[in-house]
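A.B. asks: the following block contains a protein sequence and its predicted model.
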Amino acid sequence: MAERSLTFRIMRYDPDMPDVKPHLQDFTLKEEPGMTLFVVLNQLREEQDPTLRFDFVCRASICGSCGMLVNGRPSLACKTLTKDLSNITTLLPLPVFKLLGDLSVDTGVWFREMSMRTEAWVHNDDPFDATAEEGRMENETALKIYEAERCIECGCCIGGCATANLKPDFIGAAGINRVARFMVDPRDKRSELEYFEVVGSEDGVFGCIGLMACDDNCPIGVPLRGQLAFVRRKMAAVGWKMR
């Protein structure tokens, strides 16, 4: 296979230089077998521009740090192979989140605020008994919880969500998935009405307009479409009873 010359059109922005407007800068390098965008960005930073800013930790689709827009689609850099890209690729930071510089965004503050708003912890007032046996649950229930817990908080579902891009208070698919995780957990003693107070609004499950870009763009395949349907059915039933 002939060696390709690849061009990457990357957004540059330095918050410490407010007079310099965000702009696109072209970088060119030779493609190598098995090359990912993670490899590309590190090579560009090491060999061409040490000021290039982007985020990464694990390079194994586990940490979720390297989310960005690849030709307009939210993706993980470490999971994107250059062989699947054209000769010219545009890289932009994920929208919605605070832009720190170039391709780097702050997803941590957004996810923490979402966790606080959805009260993402087990609510249980049972007295603690150090001698009691560990609580048990059916395997089917445990697998449902695990499926939701696979979310790596990369922000791809949020970055591709039309509602989240228009409404900063919308909790998005990540928040709805978090609520679904606790709704199926038998250890959580919240009532459906209490869940409705958390997620039964236009900033919650009823804010989704159904384009399902979240489900399309999740890089690890969390079933966000199913989670949305599950929570929406539950909350619609509660809302009907409250009429």
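C.D. replies: Noted; the coordinates are in hand. Residues are numbered from 1 along each chain as shown.
A.B. asks: in this protein, which spans are helices?
C.D. replies: Secondary structure of the chain, counting by DSSP state H: helices at 37-47, 107-117, 139-149, 156-159, 162-166, 172-183, 192-199, 213-217, 224-242.
A.B. asks: select, out of these, the one closest to residue 90.
C.D. replies: With CB to CB as the criterion, residue 90 lies closest to helix 37-47 of those, at 11.7 Å. Any C-beta I mention is one placed from the backbone N, CA and C, and that applies to glycine too.
A.B. asks: the domain parsing of the protein - what is it?
C.D. replies: 5-105, 118-242 (automatic domain parsing).
A.B. asks: of all these, which one is nearest residue 111?
C.D. replies: Nearest to residue 111, of the domains of the chain and by CB to CB, is domain 118-242 at 5.0 Å.
A.B. asks: do me a favour and get the end-to-end distance for the closest one?
C.D. replies: 21 Å (CA to CA, to the nearest Å).
A.B. asks: same thing with stretch 145-164?
C.D. replies: Terminal-residue distance, stretch 145-164 (CA to CA): 25 Å.
A.B. asks: wait, what's in contact with the most centrally placed residue in the chain?
C.D. replies: In the chain, the residue lying closest to the centroid (CA atoms, centre = their mean) is residue 155, at 2.2 Å. The neighbourhood of residue 155, defined by CB atoms under 8 Å, 6 or more residues apart in numbering, consists of 64, 67, 74, 94, 96-97, 105, 107, 110-111, 174.
A.B. asks: and it, what are its phi and psi?
C.D. replies: Dihedral pair for residue 155: phi 90, psi 0, per degrees, to the nearest 10.
A.B. asks: in contact with residue 217, which residues?
C.D. replies: With CB under 8 Å, 6+ apart, residue 217 has these contacts: 73-75, 156-157, 159-160.
A.B. asks: now with 10 Å, please.
C.D. replies: 67, 73-75, 154, 156-161, 173, 224 (CB atoms under 10 Å, 6 or more residues apart in numbering).
A.B. asks: and residue 151, by the same measure?
C.D. replies: 64, 111, 157, 173-174, 177-178, 181, 218, 220, 222, 224, 227.
A.B. asks: any idea how far residue 204 is from it?
C.D. replies: Relative to residue 204, residue 151 is positioned 17 Å away (CB to CB, to the nearest Å).
A.B. asks: tell me who's in contact with the closest residue to residue 152 other than its chain neighbours.
C.D. replies: Closest residue to residue 152 apart from its sequence neighbours, by CB to CB, 6 or more residues apart in numbering: residue 64 at 3.7 Å. Residues counted as contacts of residue 64 (CB under 10 Å, 6+ apart) are 55, 57-58, 76, 78, 107, 111, 151-156, 219-220.
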